[in-house]
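Below are the sequence and a predicted model for it; my questions follow.
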Amino acid sequence: MTRVMTYNVHLCIGTDRRLDVGRVADVIAAQAPDIIALQELDVGRARTGGLDQAQELATRLGMRFHFNAAISFENEAYGDAIMTHLPERLVKTGPLPGYPRLRGLEPRGALWVSVQVGGRDVQVITTHLGLLPQEQRRQAAALAGIHWLGDPERRNPTIFLGDLNAHRGSPIFQALLHGLKDTRDGAGGVPTFPSTLPIVGIDHVFVSHDIAVDAISTPRDRRSRQASDHLPLVVDFRFV
C-alpha cells in the first residue's frame, strides 16, 4: 500500500494567522505520506520571511522535491510542489491559461513528476486552479489536452491531484476526470475546506483505473485545523 496526499498549505500561515512551517511539516509527517502534492508555497518571498518553504518542508520530511513557480519575480516565487522519498524524475512544468479579459488574476500552473512505486512509474500531476469559472474552463481544457493528461507519452498508472477550487459534479470536475476515477467514489464527501469547519471538497485526487483505493481521509485534529485554511486529503492506494 502507498499513501498520497494533496495539501494546500496557504503559505504555511494558519487559521490563527501564525506563520509556522514546522507545524505544517508536523501535520504532513503525522500522516506519513509517500507522495505529497503541495499548493500555495512561497519561495524567498519577503511576506513570509524570505524562507524557501518548499526546501524547508522537504528537508524536515526527508524528501526530494520539484517546485513549479506559478509566479516569479526577481528572487521571489510562489507555486506548487511534489515531494517524495521514492525514486522520481521531473517530467514537465508549465503555466496554465488565464482569462485575458480580466487583468490581475493569479497565474496558475501545473507540475508533472514520474515516481517509481513498487517498480512501476506512476505519473503524478498536480495543479491549483483559478477561482473564476471562465479561467477554470480554460485551465481544465489545457490539463485535459495533449500537453498534460492527454499527452500521448503519458502512460498509466496516473495520479492527478490538487486544489481544483471546484466541487464534485461541477463541469470543471467532470472535464478533469479524463479517463480517471474519483477517489471519493463510495467514500462520501470527505470535505477539506475550510479547515476549521470543513463543508466542501475542493481538493481532489483522481487515479487511473489500474489503481485501487483502499482508504481516503482527512485529519481533523486541532493542529491540522490550525495549520492551514485547508485540510490535507490523504489516499491509500495499490495497483490492480
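Yes, it's here.

From now on I want contacts and neighbour counts done on CA atoms only, so please keep to that.
Fine.

Which residue lies nearest the spatial centre of this structure?
With distances taken as CA atoms, centre = their mean, Gly162 lies nearest the centre of the chain, 3.0 Å away.

bridging residues for that residue?
Thr127, His204 (DSSP bridges).

from now on call the first residue 879
Taking 879 as the first residue, the last one we looked at is Gly1040.

Tell me where this structure has strands.
In the chain, the strands defined using DSSP state E lie at 880-886, 913-921, 942-951, 954-962, 966-974, 986-995, 998-1006, 1036-1041, 1059-1060, 1081-1085, 1089-1095, 1111-1117.

mind putting these in TSV, distance to Gly1047 included?
Below are the strands of the chain laid out as TSV (distance: least, CA to CA, whole Å):
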stretch	distance to Gly1047
strand 880-886	20
strand 913-921	22
strand 942-951	27
strand 954-962	25
strand 966-974	22
strand 986-995	22
strand 998-1006	18
strand 1036-1041	15
strand 1059-1060	11
strand 1081-1085	12
strand 1089-1095	18
strand 1111-1117	18
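
out of these, which comes closest to Gln1017?
Taking CA to CA, strand 966-974 is the member of those nearest to Gln1017, at 5.6 Å.

buried set for that closest one?
Glu966, Leu968, Thr971, Pro973, Leu974 (16 or more other CA atoms under 10 Å).

Which one of these is nearest to Asp958?
Thr971 (10.1 Å).

Which residues are in contact with the closest residue in space to Val1002 that isn't next to it in sequence?
Counting by CA to CA, 6 or more residues apart in numbering, Ile1037 is the residue found nearest to Val1002 once chain neighbours are left out, at 4.8 Å. Ile1037 makes contact with Val1000, Gln1001, Val1002, Ile1003, Val1083, Phe1084, Val1085, Ser1086, according to CA atoms under 8 Å, 6 or more residues apart in numbering.

Give me the buried subset of the residues you listed.
Val1000, Gln1001, Val1002, Ile1003, Val1083, Phe1084, Val1085, Ser1086.

Dump the residues you listed to JSON lines, plus pLDDT.
Formatted as JSON lines, the buried ones among the contacts of Ile1037 follow (pLDDT from 0 to 100):
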{"residue": "Val1000", "pLDDT": "98"}
{"residue": "Gln1001", "pLDDT": "98"}
{"residue": "Val1002", "pLDDT": "98"}
{"residue": "Ile1003", "pLDDT": "98"}
{"residue": "Val1083", "pLDDT": "97"}
{"residue": "Phe1084", "pLDDT": "97"}
{"residue": "Val1085", "pLDDT": "98"}
{"residue": "Ser1086", "pLDDT": "97"}
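
could I get the residues you listed as TSV with distance to Cys890?
Rendered in TSV, the data for the buried ones among the contacts of Ile1037 read as follows (distance: CA to CA, whole Å):
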residue	distance to Cys890
Val1000	28
Gln1001	27
Val1002	23
Ile1003	22
Val1083	21
Phe1084	25
Val1085	27
Ser1086	31
